[in-house]
Structures are given as structure tokens and as C-alpha cells.
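[1] no sequence for this one, just the structure:
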């Protein structure tokens, strides 16, 4: 089986992929890449640094499997992180890279200017309301809400280089 790394979305961890990982189990050994910033006091604010940090751990897993191809799946922010990991891999000379991006938006100058007016307190309150209805643990809710500002900053950062050999499959929810 090929190995797939499922990179956490914004406002949460990789637990969002549990049912998808089960459905893909006949084709992939799935590993969740959980949010560093969600579970650590020392935050990483730079997209490239975060992707490099995750890639170090991904490479450790792949070393044990002997595989040389990369399958990276990310929903929302996770897709942006997966694309940054792919850019780093291309810079290292890797050519067997596939990214599966689910509802991922890459911001350009126009979208960045539009997002300047986003009311993050409103987003935090909306998330808190949703999470309580889902019966999420209060400590988890607080971690996610605290992390919203950190993750919001990633949308204003661009992928470090143009992807040339990476195969990207974009899924858009309807």
C-alpha cells in the first residue's frame, strides 16, 4: 500500500479525516499530520517553517516504509500546507509527489485585501457555538479558538515556489 499523509485543516486536528482514512484503507496506509500549533505553546507562524517541520516527520515515517513517493492530502488550510510541502520537495529534486486538495483556497492580493475586514471574533464565536453543539470537549474548543488567529495568518502567505512536477487534484465541495 502507498502511504498517504492527511494534513490537518484549519480550526482543528486530523481527526476530521477518520472516516475518509477508513474508506481509503484498501489503497493507502493513512497517517494524520496533526496541528503543531493546536497542541504546543510555542507556535509556528510561518507557513514554510510549519511545512518543513511536518515534512521532517513525514520523512521519518517514509524511511520506515522504504517508499519514495509522496501522497499529501489536505482540507482547507491542510491543502495549502500540503502544497508548500510539495514545493519544498520539488526544490529537493523529488518528482513523485501527489497532492489531493479538498476545498483549498490560495489567496492572491485581491483575496488578501478582502480578508482584511474579516471579524475574527465573530469567527471564534461561530466556531465555539458549532463545537458546543457537536459536544466537543471544552479544552479542545479553547485550543482551537486560541489558534484561529495563528492559522488565519497562513492565508496571507504564498507557496514558496511554483510547482512544476507535482500532480495536484483539487476537490471542491458542492
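    Noted; the coordinates are in hand. Since we're looking at a predicted model, the values are computed, not measured. Numbering: from 1, shown residues only.
[2] hey, let's count contacts and neighbours off CA atoms from now on
    Fine.
[3] Let's see the pLDDT reported for residue 156.
    Note for residue 156: predicted pLDDT of 86.
[4] So it belongs to a strand, correct?
    No. Judged by DSSP: H, G, I helix; E, B strand; the rest coil, residue 156 forms no part of a strand; its state is coil.
[5] Next up, the contacts around it.
    Counting by Cα atoms under 8 Å, 6 or more residues apart in numbering, residue 156 touches 107, 112.
[6] How about residues contacting the helix-or-strand element of the chain with minimal mean pLDDT?
    None of the helices or strands of the chain scores lower by mean pLDDT, DSSP states H and E than helix 109-115, at a mean of 80. Outside helix 109-115, the residues that touch it by Cα under 8 Å, 6+ apart are 155-156.
[7] Based on its surroundings, how many neighbours for residue 25?
    Using other Cα atoms under 10 Å as the criterion, residue 25 is surrounded by 15 other residues.
[8] again, but for residue 35
    Residue 35: 21 neighbours (other Cα under 10 Å).
[9] Touching, it and residue 14? I think so.
    Yes. If you go by Cα atoms under 8 Å, residue 35 and residue 14 touch, sitting 7.4 Å apart.
[10] rewinding a little: where does the following helix or strand past the least confident helix or strand of the chain sit relative to the chain's centre, distance-wise?
    Using DSSP states H and E, the helix or strand that follows helix 109-115 in sequence is helix 120-133. Put simply, helix 120-133 sits 20 Å off its chain's centre (Cα atoms, centre = their mean, to the nearest Å).
[11] which residues touch helix 120-133?
    So helix 120-133 is contacted by 138, 141, 145, 148-149 (Cα under 8 Å, 6+ apart).
[12] now do 6 Å
    Outside helix 120-133, the residues within contact range by Cα atoms under 6 Å, 6 or more residues apart in numbering are residue 145.
[13] Give me the buried positions along it.
    124, 127-128, 131 (16 or more other Cα atoms under 10 Å).
[14] Could you do stretch 137-153 as well?
    By 16+ other Cα under 10 Å, the buried positions in stretch 137-153 come out as 141, 143-145, 147-148, 150-152.
[15] and what of stretch 40-55?
    In stretch 40-55, counting by 16+ other Cα under 10 Å, buried: 44, 47-48, 50-52, 54-55.
[16] Which of these fall within helices?
    47-48, 50-52, 54-55 (DSSP state H).
[17] Turn the residues you listed into JSON lines, columns for distance to residue 18 and pLDDT.
    Formatted as JSON lines, those follow (distance: Cα to Cα, whole Å; pLDDT from 0 to 100):
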{"residue": "47", "distance to residue 18": "25", "pLDDT": "97"}
{"residue": "48", "distance to residue 18": "26", "pLDDT": "98"}
{"residue": "50", "distance to residue 18": "23", "pLDDT": "98"}
{"residue": "51", "distance to residue 18": "22", "pLDDT": "98"}
{"residue": "52", "distance to residue 18": "24", "pLDDT": "98"}
{"residue": "54", "distance to residue 18": "19", "pLDDT": "98"}
{"residue": "55", "distance to residue 18": "21", "pLDDT": "98"}
